[in-house]
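In: I need the structure of the sequence given here:
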Amino acid sequence: MKQELRWTPFLVLCSREIRRFLKVLFQTLVTPMINSSLYLLIFGVSLGQHIPVPGEMGYLAFLIPGLIMMSCLNNSYQNSSSSIVSAKFAGELEDYRVSPISDQQLIWALAVGGLARGLAVGLITFGVGQIFYYVTLGQLLVIKHPLWLLYFLTIGGLAFAKLGMSVAFWAKTVDQLSAVSSFVLLPLLYLGGVFFSIENLHPFWKSLSQVNPLLYFISGVRYGLLGVSDVPVTTSAPLALVALVCFHGIVALTLRKGSFSRW
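Out: Sure, this is the predicted structure:
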C-alpha cells in the first residue's frame, strides 16, 4: 500500500468527525457560548467582587482560563463519546473491524475530531470572556504565554477525547454513559480549580484536590493566559502529558477487548 493511501482512512475519518459536529452548530457551538456567558455574568461580574483570588488579578480574569479549559475538555469528551454511541446504534463499529483502518488510526482520528470541537468551543469561550472583560474593565486580556496555552489545550483536548472513547466503548447502556459524565466528569471539572483557587481551601481539601488530574490542565491554561497558576508549569506540563499517555493506553486496551455489539 502506498504511503499516501495508508493515511487516507485516518484523514477521511477526521474529516467526517469535524463535519459531524459542524452540522449541529447550535448544539456544539452556540449552546456552550450561552453557558459561558451565564457563568461569566453570574460568577465573574455579579459575585466576583466577593470571591478572593491570590495575587492582584481580579476574579473575572481568574475565571476566564478555567472556563476555557472546562469547555475544551467537556466538548472533546462529548464529541468522541457521542461518536462511539452513534456508531454502536448504527452498527458501524463492526464495519471498522473490516475497513482498512488500524486501531491507532481510529483512536487518533476520533481524538483529533474531539480536539477540533474542543478548541473551537474554547476559542468561542475566550472571545466571550474578552467581551465581558472589556465591558467590565475597559481593556482586553493579553495572553502571556501563547505556546503554553496551546500546549495544555491540545494535550487536554486529546486526553479527554480518548477518555470519552473509553467510556463509550465500555458503557453497555445510555444510563451508564450519562452516569459517568454526571457523577465523575462534571465533579472533577468543578473541583479542578475552575471557579476557585486551591490556595483558599483547607489543607485537607487542598491535598485532595492535588489528586485531581484536571487541576493540572486548568492550572496550565491559567498560566498560559495569565502567567500565574496554583501549580507550577514545570509540574503541570509533564503530568498533563502523563494523563494523555494513560488515557491513550486505556482506550487502546478497551478497543482491543471491548464488545462491538449494539446496545
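
In: where does the stretch 51-200 of the chain have low pLDDT?
Out: The stretch 51-200 of the chain contains residues with pLDDT under 70 at 51-52, 54-56, 94-98.

In: who's in contact with stretch 128-146?
Out: If you take C-beta atoms under 8 Å, 6 or more residues apart in numbering as the criterion, stretch 128-146 is touched by 33, 36-37, 40-41, 44-45, 58, 60-61, 63-64, 67-68, 149, 223-227. Quick note: C-beta positions are derived from backbone N, CA and C, even for glycine.

In: Now do the buried residues in the helix or strand encompassing Asn75.
Out: Per DSSP states H and E: Asn75 is located in helix 59-90. The neighbour-count check on helix 59-90 (16 or more other C-beta atoms under 10 Å) flags 59-85, 87-88 as buried.

In: returning to that earlier point: can I have the buried ones of the contacts of stretch 128-146 as a ChimeraX selection?
Out: Applied in ChimeraX, the following selects the buried portion of the contacts of stretch 128-146 according to 16+ other C-beta under 10 Å:
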select :33,36,37,40,44,45,58,60,61,63,64,67,68,149,223,224,225,226
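
In: what ranges do the helices span in the stretch 151-263 of the chain?
Out: 174-180, 186-189, 203-209, 214-226, 233-257 (DSSP state H, counting those that start in this stretch).

In: Count the residues that sit near Ile143.
Out: By other C-beta atoms under 10 Å, 16 other residues sit near Ile143.

In: same check, this time on the one 4 residues further on
Out: Using other C-beta under 10 Å, Leu147 has 9 other residues around it.

In: ok, and the closest non-adjacent residue to it?
Out: Nearest non-adjacent residue to Leu147, counting by C-beta to C-beta, 6 or more residues apart in numbering: Gly224, 7.6 Å away.

In: quick one, the helix or strand hosting Ala120 and helix 233-257 angle?
Out: Per DSSP H and E, Ala120 falls inside helix 103-137. With axes from the mean of the first three to the mean of the last three C-alpha atoms, to 10 degrees applied, the angle from helix 103-137 to helix 233-257 works out at 140 degrees.

In: Tell me the buried residues in helix 103-137?
Out: Neighbour-count burial for helix 103-137 [16+ other C-beta under 10 Å]: 105-122, 124-126, 128-129, 132-133.

In: Check stretch 248-260 too.
Out: 248, 250-252, 254-255, 258.

In: Tabulate those residues (TSV), appending pLDDT and distance to Val142.
Out: Output for the buried residues of stretch 248-260, formatted as TSV (pLDDT from 0 to 100; distance: C-beta to C-beta, whole Å):
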residue	pLDDT	distance to Val142
His248	94	34
Ile250	92	37
Val251	91	37
Ala252	90	40
Thr254	83	42
Leu255	79	42
Gly258	58	45
